[in-house]
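Asker: Sequence and predicted structure, then a few things I'm wondering about:
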Amino acid sequence: MTASTLTGRYGDMHRLTQQMLEAARQGDWDRLVILEASRAGIEQALRAAAEPSPAGADGVALARTIQAILDADSEIRTLAQAWMIELRKRAGSLETEQKLAKAYEAF
């Protein structure tokens with residue numbers, strides 16, 4: 001894989017990651033999952049290639065792109081964790097409602 005191809009692949013990952021972040025900010029978890037699957041394919045190809053990082057300006061640009069991906073991933077993870085907490089609360093409330101309904105049915 002050439003340096004320009006490597007940089008292009010990471011650029012594709014960055015664009016998908018930004019779309020994932022926007023989906024997470026909007027609470028569009030289905031879209032996020034679809035985008036993540038696309039990104040995983042690129043990630044797998046990059047791992048399979050196992051190319052050394054380019055040097056010089058290309059290496060600096062690549063490092064910035066990777067850092068931007070990591071920063072976006074961190075925010076996505078934070079948003080997803082908040083969503084999971086909300087789901088757990090809702091599930092707990094539903095479970096409590098079901099128990100109360102069952103208890104009142106006994107009367």
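Answerer: Yep, that arrived.
Asker: in what helix or strand does residue 21 lie?
Answerer: Assigned by DSSP states H and E, residue 21 belongs to helix 3-26.
Asker: Contacts for that helix, please.
Answerer: For helix 3-26, the external contacting residues (Cβ atoms under 8 Å, 6 or more residues apart in numbering) are 1, 29, 31-32, 35-36, 38-39, 42-43, 45-46, 49, 51, 53-54, 58, 61-62, 65-66, 68-69, 72-73, 75-76, 79-80. For the C-beta atoms, the positions are set from N, CA and C on the backbone; glycine is no exception.
Asker: Skip ahead from that helix and say which helix or strand is next.
Answerer: helix 29-49.
Asker: other SSEs contacting that next one?
Answerer: If contacts are counted by 3 or more Cβ pairs under 8 Å, 6 or more residues apart in numbering; DSSP states H and E, helix 29-49 sits against helix 3-26, helix 56-105.
Asker: quick one: average confidence on the shortest one?
Answerer: Along helix 3-26, the predicted local confidence has a mean pLDDT of 92.
Asker: Helix 29-49 and that helix, what's the angle between them?
Answerer: With axes from the mean of the first three to the mean of the last three Cα atoms, to 10 degrees as the basis, helix 3-26 and helix 29-49 are set at 160 degrees to each other.
Asker: Helix 3-26 versus helix 56-105: what angle between them?
Answerer: 30 degrees.
Asker: Just the buried positions in helix 3-26, please.
Answerer: Going by neighbour count (16 or more other Cβ atoms under 10 Å), the buried part of helix 3-26 is 3, 6-7, 9-10, 12-14, 16-17, 19-21, 23-24.
Asker: how far out from the middle of the chain is stretch 3-11?
Answerer: From the chain centre to the centre of stretch 3-11 is a distance of 20 Å (Cα atoms, centre = their mean, to the nearest Å).
Asker: Which of the buried residues of helix 3-26 sits closest to residue 105?
Answerer: Set against residue 105, the nearest of these by Cβ to Cβ is residue 24 (40.2 Å).
Asker: Setting aside sequence-adjacent positions, which residue approaches that closest one most closely?
Answerer: residue 79 (4.3 Å; Cβ to Cβ, 6 or more residues apart in numbering).
Asker: what do you get for residue 80?
Answerer: Nearest one to residue 80, counting by Cβ to Cβ, 6+ apart, is residue 24 at 6.4 Å.
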